[in-house]
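Novice: Quick one, structure for this:
(2 chains)
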Protein chains: 2
Amino acid sequence: MSTLRSTLDFLLYDWLHADALVQRPRFAEHSRETFGAVFDTCERIAREKYAPFNRLVDTEEPRFDGERVILPRATHEAHDAYVASGMLGAAQDYAIGGMQLPYTIEAAAGTFFATASVSIGGGLLTTGNANLLMAHGTPLQQEVFARNEFSGRFSGTMCLSEPQAGSSLSDVATRATPDGADFEADPLGPRYRLKGNKMWISAGEHELAENIVHLVLAKIPGADGKLVPGTRGISLFIVPKKLVDTKGQLTGERNDIALAGLNHKLGWRGTTNTLLNFGEGRYPVRGGAGAIGYLVGRPGEGLRCMFHMMNEARIGIGMAATSLGLAGYYASLEYARQRPQGRPVAPAGKDPAQPQVRIIEHADIKRMLLAQKSTCEGALALLLQCARLVDEQHTGEPQAADEARLLLEVLTPVAKSWPSEFCLEANSLAIQVHGGYGYTRDFPVEQYWRDNRLNMIHEGTHGIQAADLLGRKVVMEGGKGLLLLAGRINATIERAIQQPHLAEHANALGQALQKVGSATKAAWATGNPADALANAVPYMQAFGHLVIAWTWLDVLLALPAQPTHAADEGRLRAARYFFHYELPKIPAWLRVVETRDATCASMPEDAF
Amino acid sequence: MSTLRSTLDFLLYDWLHADALVQRPRFAEHSRETFGAVFDTCERIAREKYAPFNRLVDTEEPRFDGERVILPRATHEAHDAYVASGMLGAAQDYAIGGMQLPYTIEAAAGTFFATASVSIGGGLLTTGNANLLMAHGTPLQQEVFARNEFSGRFSGTMCLSEPQAGSSLSDVATRATPDGADFEADPLGPRYRLKGNKMWISAGEHELAENIVHLVLAKIPGADGKLVPGTRGISLFIVPKKLVDTKGQLTGERNDIALAGLNHKLGWRGTTNTLLNFGEGRYPVRGGAGAIGYLVGRPGEGLRCMFHMMNEARIGIGMAATSLGLAGYYASLEYARQRPQGRPVAPAGKDPAQPQVRIIEHADIKRMLLAQKSTCEGALALLLQCARLVDEQHTGEPQAADEARLLLEVLTPVAKSWPSEFCLEANSLAIQVHGGYGYTRDFPVEQYWRDNRLNMIHEGTHGIQAADLLGRKVVMEGGKGLLLLAGRINATIERAIQQPHLAEHANALGQALQKVGSATKAAWATGNPADALANAVPYMQAFGHLVIAWTWLDVLLALPAQPTHAADEGRLRAARYFFHYELPKIPAWLRVVETRDATCASMPEDAF
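Specialist: As a prediction, this is how the structure comes out:
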């Protein structure tokens, strides 16, 4: 039986050769042993502080007592253990207390927490927030805010959406106006006063840390007092819940950020999700109106700064979706191995005088388990590969780094969307394996399914990802990213086709690649984005299946031709499942893309 | 904009000509007007007594105070209104207080309640229970039990599953032993004492009615004291919660049935779901051990009696799944018409200076709405057609009745499984249309999705339906049912192919039919059920898509060639969606069926 740890070890070392990263100067003090020690720690904390409380955080939702947001004690303890592990700053320089860990290892380690309790969560937002400041903040902003986030003293948020705008960031209406004549002289950065409402802010209010560092998108009005339409008017601000001095010490002043409401969600309930009002006047501060915020980067470049961390954030969501899928797989596998029910199908009919068998012996149960394995381990492999590309982009030779950047542009929408759709389906199968028990709250699988439903929505909806993929990524730089990916896929095909037991898969993958390539051209044949993008989601589904099939075939190349271990046989089967049961779906999705089918796009509203 | 009522009216009258049923003697006193009056009543009760409380029954789950199960007052009021409507006995003879309503109309009327609050529920179980007694009970059993169920004085359950057996009814271990020497002399039927545990019993304990009539599967031990293995040892018993006399009056004696636990579910929380212990001694009755039960039909024929009502019960589940799908469609359509966000895709890029548009103007939102419409209205059409076949079976000329029976054998697994899988996907799209709001409990769609997840599990799981379809229904009577269905499909194709605007669909349907036919043969080519059934679920998915495509094409034949109404344009589009986006998935599912792919079935356990 494979475990999460053994699967990670195989993918990281036998397949991705992540241990070779230690030959690079940045990671020179690391070794497979130090990576293993990180995994040991994360696995232990997840087992002791996360897994036992996953149901608790689902039933004891965050609540607001009028002053503070109350979370279960278990959440505080899990958070403290996570902070103590050093994982918040794991990728940072030794010089600022980090571990200089490759992102590949950091991302892999995150799966232990996410399979144990995705909504207690690790430090995805805090780390992402601080990483952004390390890239775009001033040295003092890094010192005061980012470093206190890496140490866990402060936590972080991302404040993008607004109630009236949602995915449409160009309609951000939060205003930022200079705070006094000396606004540019503040050592923490040009000081503004912000007014506006931010919706869907995860971890927007809680008592887990001393302070909360909100990174807020807002618009600076022009001389005419009007906001610049579109995204180019957006700037980025640090808006701390409590004001701090240049040493990072709390000044005792509360900033004007009010909790306007907690969102009550279908799942993922261990994480507070909030509507925040900035500068509504509930907590007037320093005699002015508005919440105090410090500009990060230059005015009008807020989105560019935010996009800096988008790849990692989206890989993080894909990893969360995958981890939930894996959690359901392991739970339903365990159940199927224990539960006796029914008898094998036999030519002469079932013999009721025979004892019942365990349900794992039934073909349809095996099908549902293998489908989960194929989906979730395939997604895990893709995400680890994307994480490995992030490391390449940061530490590789120039050409390799640029190729990694370009591949990530194309792969990131898939890495975010594919697991969020298909690992959710895997969770549904995990319920189905349990039968009626899976529909009760006495078993964990229904919660995984509810938690996972968020992943197609946050950090860019499915529709947004699809428009990004077909509308931007496969055509950017003259289609260079897509060509590069096709080159990598072809390289895998060429290696696989030489192995008789993989030749069938290699041919199937080659056909799929060709089909996706020609569909991409057909989609854009009129040059009109409205024609091309009308079926962007089916395109992304097909594209995702192509990428996962490629990933599986590439993984198989890391196996011995004659597998002797059960785990290797399992990987061969999981890949074969994907090629036989899933890959053939590609033509169905692409049909409407190739024909630029307008059935939906031209549907008259009154015909619904 | 179509409403549920206008969609039902179109399907029932323009397509199925259900008003022609009034030419049959049984329905002679009815007319389209009397049917309409029934719909008016049901629609009003659903709007006033069901819809406003759908969220309430989700949050105020049934609870047990040690003596009674407490349900919200709203559930009592909804139940009382349902009883007062006369719908429990709507299909029954005038002579016993019924309305002699066609089942088609009864089933259609049920959608008003199920879209408003599926888990407050109508009388599916009570009516089904009483119908079974009308078919297999003695005149006194009908008088005492069934008639009091139709009037709403008593409610009914079905007690099949047991904790250790689930879907595997041959392992039923509840024992029924004769109650004294005079056991055969009881006027209510041969009297037995039952001992055993029944799991997943919906409405197994509550205070909504004066009494609860449990229909219980149990085994009568042989002379050696042993239970006969397999399903042929199963008998059926009436086991009332409170004992009654031959006039149906409560005797004041409580039967030995103890509530062992309430199941806490993911959804469908308005309906109590229970574990019941029969005869454990908590409520000793009449000085003997065991719960008192009265045999229905002959010993050993319990399952045959139970199967009598299986078609209608399964159509009922398909209808519930479809109603939930429609509820999500209407909710997300309403949301998409109101919510402004973003701007249209344009060749020169989006113009942020333009005002936002309502999201229904975006192609991807239209796609998600049309997918829901296509799925849920297609499912509704199929289910109404199945209901019409039930009427044909009961009131048609002998040959037509027999054909209806045979078609129902083949179509019932589809009618149950297809909506439970695909209307659940529709509910997921309804969430997606809402974006983040859909993930909150402030909007109804997340509850529809949770409620709907049950339908692939109860009343025979997806796997059971698939084994029934491929293992039994398409091969029974020498494949006569499948041939008959193919004949009906071909008849539709022949009519459609003469209409230029339908010819493309007709050809596609013809190819799909051929493909399903040859896959059926290929699946059974070795004659070994284990080979054939290894991929029974993908087979059922493909078969279901064939049936829905046929249904849509047949529906289109009821439209004018040049539609002038928006609703007709909507139906043309919904059908086209299905033919362009969904039907092409059939080959992907059938590939593994045709090759009898053993990837899953032969997966070694330790390779997972």
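Novice: Quick check, the residue in the stretch 101-250 of chain A closest to chain B?
Specialist: Nearest residue of the stretch 101-250 of chain A to chain B (C-beta to the nearest C-beta) works out as A:G230 at 3.2 Å. Where you see a C-beta, it was placed from the backbone N, CA and C, and this is true even at glycine.
Novice: How about the stretch 351-500 of chain A?
Specialist: Taking C-beta to the nearest C-beta, chain B has its nearest neighbour within the stretch 351-500 of chain A at A:P352, 3.2 Å off.
Novice: Show me what from the stretch 201-350 of chain A comes close to chain B.
Specialist: A:229-231, A:263-267, A:333, A:337, A:340-347, A:350 (C-beta under 8 Å from any C-beta of the partner chain).
Novice: Return the members of those classed as buried.
Specialist: A:230-231, A:263, A:265-267, A:333, A:340-343, A:345, A:350 (16 or more other C-beta atoms under 10 Å in any protein chain shown).
Novice: Out of the residues you listed, which is nearest to chain B?
Specialist: Once C-beta to the nearest C-beta is applied, the member of these that ends up nearest chain B is A:G230, at 3.2 Å.
Novice: can you list the residues of the stretch 1-150 of chain A near chain B?
Specialist: So far as C-beta under 8 Å from any C-beta goes, the stretch 1-150 of chain A lies against chain B at A:M1, A:S2.
Novice: 7 Å instead, please
Specialist: Contacts of the stretch 1-150 of chain A with chain B, taken as C-beta under 7 Å from any C-beta of the partner chain, map to A:M1.
Novice: on that earlier part again, give the contact list for the closest residue to the residue of the stretch 101-250 of chain A closest to chain B other than its chain neighbours.
Specialist: Leaving aside its sequence neighbours, A:G230 sits nearest to B:P352 (C-beta to C-beta, 6 or more residues apart in numbering or on different chains; 3.2 Å). B:P352 makes contacts with A:S170, A:P229, A:G230, as judged by C-beta atoms under 7 Å, 6 or more residues apart in numbering or on different chains.
Novice: could these be laid out in CSV, adding secondary structure?
Specialist: Compiled in CSV, those are given as follows (DSSP: H, G, I helix; E, B strand; the rest coil):
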residue, secondary structure
A:S170, helix
A:P229, coil
A:G230, coil
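Novice: Looking at these, which is nearest B:Q385?
Specialist: A:S170 (48.0 Å; C-beta to C-beta).
Novice: Is it correct that the closest one is in contact with A:G230?
Specialist: Yes. Counting by C-beta atoms under 7 Å, A:G230 is a contact partner of A:S170 at 4.6 Å.
Novice: Give the next helix or strand downstream of the top helix by length along chain A.
Specialist: Using DSSP state H to define each element, chain A has its longest helix at helix A:398-434. On the C-terminal side of helix A:398-434, the nearest following helix or strand under DSSP states H and E is helix A:445-452.
Novice: Who are the packing partners of that following helix?
Specialist: In terms of contacts (3 or more C-beta pairs under 7 Å, 6 or more residues apart in numbering or on different chains; DSSP states H and E), helix A:445-452 is packed against helix A:54-59, helix A:310-338, helix A:398-434.
Novice: if you set the cut-off to 6 Å instead, what comes out?
Specialist: Helices and strands touching helix A:445-452, by 3 or more C-beta pairs under 6 Å, 6 or more residues apart in numbering or on different chains; DSSP states H and E, are helix A:310-338, helix A:398-434.
Novice: In CSV, list the ones you listed along with mean pLDDT and distance to B:G510.
Specialist: Output for those, formatted as CSV (pLDDT from 0 to 100; distance: least, C-beta to C-beta, whole Å):
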stretch, mean pLDDT, distance to B:G510
helix A:310-338, 96, 39
helix A:398-434, 98, 31
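Novice: any idea of the angle the host helix or strand of A:E494 forms with helix A:398-434?
Specialist: Using DSSP H and E, A:E494 sits within helix A:476-496. Here the directions of helix A:476-496 and helix A:398-434 differ by 70 degrees (axes from the mean of the first three to the mean of the last three C-alpha atoms, to 10 degrees).
Novice: Just list what helix A:476-496 packs against, helices and strands only.
Specialist: Under the contact definition 3+ C-beta pairs under 6 Å, 6+ apart, helix A:476-496 sits against helix A:398-434, helix A:500-523, helix A:536-556.
Novice: How many residues are close by the closest residue in space to A:E392 that isn't next to it in sequence?
Specialist: Among residues not flanking A:E392 along the chain, A:A404 sits closest, at 3.7 Å (C-beta to C-beta, 6+ apart). Using other C-beta atoms under 10 Å in any protein chain shown, A:A404 is surrounded by 22 other residues.
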